[in-house]
Every structure is written in C-alpha cells, then in structure tokens.
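Novice: any chance you could fold what I've pasted below:
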Amino acid sequence: MANFNILEDLKWRGAINQQTDAEGLAKYLEEHDDLALYCGTDPTGDSLHIGHLIPFMILKRFQLAGYHPVIVIGGGTGTIGDPSGRSTERVLLDAEKLHQNEIALTKQMEKLFGTENFEIVNNAEWLDKLSLIDFLRDYGKHFQVNNMINKDVVASRLENGISFTEFSYQILQAIDFYQLNKNHGVQMQIGGSDQWGNITAGIDLIHKLMGADREAFGLTIPLMLKADGTKFGKSAGGAIWLDPEKTSPYEFYQFWINQDDRDVVKYLKYFTFLSHEEIDELAEQVKTEPWKRTAQKTLAKEVTKFVHGEEGLAEAEMITDSLFSGNVKDLTVTQIEQGLKSAPTAESGSAAKNIVDFLVDTKIESSKRQAREDVENGAIYINGDREQSVDFEVDPAKAFDGKYVIVRKGKRKYTLVNIKD
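Specialist: Okay, the predicted model is just below:
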C-alpha cells in the first residue's frame, strides 16, 4: 500500500470533484494506514442501479488499497428520503417495505464488498433512539437556518416548496457522520456531487461537538454525463439495475458493450480495476482499431464480473455469442427470454405449420411470394437451422419446451415467436 497513492489514482481516473481538505487528507494518508470512510444509501428501493454504483466503486478502490470501508444503510433517513436531485417531495414508504429494501441492499453490498475489512451499519441504530427534544437540543441548535437554506439541495427547492421533513434531512445525515466519526472511527465521507452540502454539514457538526482539530474529510465524485450530454445510467428500457431479476446479466453486459467510443475510456477508468497501463492500451485501440470494440468488450466483461460474478458473466457471454453466431439451439428458455427480450415478437399456435404459412401468419414476411423467395435464398433460420425447403414444417414442440420458435432473417434480424395453445 505504501507504494500506491489512492488520491493520485482517483485523480487520474477523473473521479474527484470536490474535497473539503485536500492537503489534510493527503497528509493523513501519508502518515496513517487506518483510514475508515463511508458512503450511505437509503432503502427507498430494493436494488441499486449503476448510477448508485459510482460512489461505491470509489469505496471499493479504498478497500482494495487496504483502507476500511463502511456502508450506511439508511433505515432512519430512509423513512424521510434525501431531497437531493429531486424537484418534488418523495413519497414516504411504510416500515415493512423499508425493511425489505434494507435486506435486499445489504445483500447487494455484501456481494460487492465481501466480508473482510468491511462493515455495514444502519443509521436507525442511533436515529431511532432520538427524541424530538434531544434532536433539537443536542443537534438542531448547531445549525443556522440561513446556512441550511443556502445549501444547493434546499435552494433548488425553495421556489416549489420543501417540507420541514425534507429540510431537516441534512441534519440527520450530519448526525450520521458525527456518530460514525465518534463511535466507528470513520474519518471520511464520500458521495455524489449533489451530496456536498450534506457532507460539509456533517464535518461542521463534528468540529462543533468534538473540536476543530478533529479529523474529518469529505470527497465528492463528479456528475457523470455521456458524451452527448445526457445523464449516465439509463437505457431506452429504463434504469440498469444491479439486481439480476430486474436487469439480467445479459442485458447488463449488453449495456456496457454498446457504449460510445467517446465514453468507453472514461467508464473503464471509473468502473473497472484495470491498471493505468491496461486502460491506456485500450484507449489506444479505440483510436487505431475502433471497429474491433476491444475496449467495450473489456468494459462489459470487467463490470459484469464485478457485479454478477463469473457465473453471471459466463451466461451473458454465452447468450451474446449464441445470438451473434446464430447458434441458438443450446440456449435455455430463460436465456432466450433474456437475450431476445428486446427483439420483435409474434404469436403462433402449437400445431405444426408449413414454413411459408408460418412466416406470413406471424407477419415476419409480408407475402407468400416473399416468404418463398427468402426461404429458397437461404435467408431464413428456424431455431438456429437454415431452412431452404418451402415444404419444411415448423413444429413448435421440437424445441424450447414448445414455448418459442426463434426465427432469424438474414444475419441477425431475430423474431421471437410465442407459442400459444
């Protein structure tokens, strides 16, 4: 660890937006090897998506460098919800739903961070014990309303209105940092750029309650935008989730492999643990051999392996290779549903049917003449096999448990035909 400068690495990766005390943090890391740092997430959903993943990747880098990451699951703050990045009041969740979400997020974090040199805490542990009087006397008196109003997260909401509930969120998050600093030895909080106000509020509270020389640092990560100026993390189908039930490993893999040449090097720096030399080499290949998409393939492989493990990566690569080559016979029904989720669909009955009639009835072909021509020219594949006889019978019972027939027209134009009894 002594030979590895984590802050220089983060700068090279473009992963530092603001620091509360850059010199102090650098000095601390030079003199100590016991830094503990945290990032929090509220259980307002049952899965993180890749936008949430950004600060946790930084936390993981510190873990790999030998430092101690702490993750706060906001069982307390989640009952209110962070107003950051929102233009309207958040819908409050009931206790049962919050608890279910806490369990789901904890499992995701344990999968990403393992069990060594890592801990998860729930801020309900200290926030649920606070009475209103204690909250006001012990903490509220240290916060000036005029300063709170000037924080970006509040200022942006004043025109449309912000409830006292959400207004008080920054105090609760400040209490988190204070409690972690005092009782868990945590010296640093990291978060997205929208968390700057909350982070500085926590450091101010620590200094007021524990002395101005108490070591407490904050670091934020830049807002990530794609080369076209749009927000990173969304696809045409919505958010890209870490939960494989919400976004399958194949869909997850495809999201990364389809990234723009202008963005891929930035994402390699943010989302992989490849060395500077490996990323520089891939960057050069983007310039000289972009058609090979080596950088995109590497990005997809590394991030999918990190989030879904070797097994998830293997499945994603198998489905990808099968659909690319047309060799779909060995795919399971579940893999077909993953791989062809976005493909055009059609319906047909379970009875065997002449290929020409089948193609026309499913509207894959516009006419029998066109269907016969495409079949005879070798442009039609049924369940991975090229069929060139106009007398061929399509029998749904012969493959994929009788649930689907996969039709490929040309190189890679797939239609998934759902079989109905």
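Novice: all strands of the stretch 251-400 of the chain, in order?
Specialist: Assigned by DSSP state E, counting those that start in this stretch, the strands in the stretch 251-400 of the chain fall at 345-349, 353-354, 380-382, 385-386, 393-394.
Novice: tell me which of those is the most buried.
Specialist: Of the strands of the stretch 251-400 of the chain, the one with the most neighbours on average (mean count of other CB atoms under 10 Å) is strand 380-382, at a mean of 21. Glycine gets a C-beta too; all of them are placed from N, C-alpha and C.
Novice: and stretch 192-201, which residues are buried?
Specialist: For stretch 192-201, the neighbour count (16 or more other CB atoms under 10 Å) marks 192, 194-201 as buried.
Novice: ok, stretch 332-350 next?
Specialist: Buried-residue list, stretch 332-350, by 16+ other CB under 10 Å: 335-340, 343, 346, 348.
Novice: how about stretch 242-258?
Specialist: 242-244, 246-257.
Novice: can you list contacts of that stretch?
Specialist: 46-50, 52-53, 104, 108, 235, 237, 239-241, 267, 271, 293, 296-297, 299-301, 303-304, 307-308, 312-313, 315-317, 319-320, 335, 338-339, 341 (CB atoms under 8 Å, 6 or more residues apart in numbering).
Novice: same deal with stretch 192-204?
Specialist: The list of residues contacting stretch 192-204 from outside it, by CB under 8 Å, 6+ apart, reads 17-18, 20, 54-55, 82, 84-85, 142-143, 148, 151-154, 169-171, 173-178, 189, 191, 216-218, 220-223.
Novice: so how far is it from its chain's centroid?
Specialist: Counting by CA atoms, centre = their mean, to the nearest Å, stretch 192-204 is centred 22 Å from the centre of its parent chain.
Novice: quick check: phi and psi at Leu136.
Specialist: phi -70, psi -40 (degrees, to the nearest 10).
Novice: neighbours around it, how many?
Specialist: 12 (other CB atoms under 10 Å).
Novice: quick revisit: out of the buried residues of stretch 192-201, which is nearest to Trp12?
Specialist: Checking the buried residues of stretch 192-201 against Trp12 with CB to CB, the nearest one is Gly192 at 19.7 Å.
Novice: quick check: beta-bridge partners of the closest one?
Specialist: Beta-bridge pairing of Gly192, defined through DSSP bridges, involves Ile221.
Novice: so where's the stretch 151-300 of the chain shaky on pLDDT?
Specialist: Applying pLDDT under 70 to the stretch 151-300 of the chain flags residues 234-237.
Novice: quick one: the helices in it, in order.
Specialist: Secondary structure of the stretch 151-300 of the chain by DSSP state H, counting those that start in this stretch: the helices cover 152-155, 164-167, 169-183, 196-210, 249-257, 261-271, 276-288, 294-325.
Novice: kindly export the fourth one (C-alpha atoms) in PDB.
Specialist: As requested, the backbone C-alpha atoms of helix 196-210 are provided in PDB (Å, rounded to 0.1, in the frame of the first residue of the first chain):
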ATOM      1  CA  TRP A 196     -21.600  18.200  -1.000                       C
ATOM      2  CA  GLY A 197     -23.900  20.200   1.300                       C
ATOM      3  CA  ASN A 198     -24.800  17.200   3.400                       C
ATOM      4  CA  ILE A 199     -21.200  16.200   3.700                       C
ATOM      5  CA  THR A 200     -20.000  19.600   4.800                       C
ATOM      6  CA  ALA A 201     -22.800  19.900   7.300                       C
ATOM      7  CA  GLY A 202     -21.600  16.700   8.900                       C
ATOM      8  CA  ILE A 203     -18.000  17.900   9.100                       C
ATOM      9  CA  ASP A 204     -19.200  21.200  10.700                       C
ATOM     10  CA  LEU A 205     -21.200  19.300  13.300                       C
ATOM     11  CA  ILE A 206     -18.200  17.000  14.100                       C
ATOM     12  CA  HIS A 207     -15.900  20.100  14.600                       C
ATOM     13  CA  LYS A 208     -18.500  21.800  16.800                       C
ATOM     14  CA  LEU A 209     -19.100  18.800  19.000                       C
ATOM     15  CA  MET A 210     -15.600  17.300  19.100                       C
END
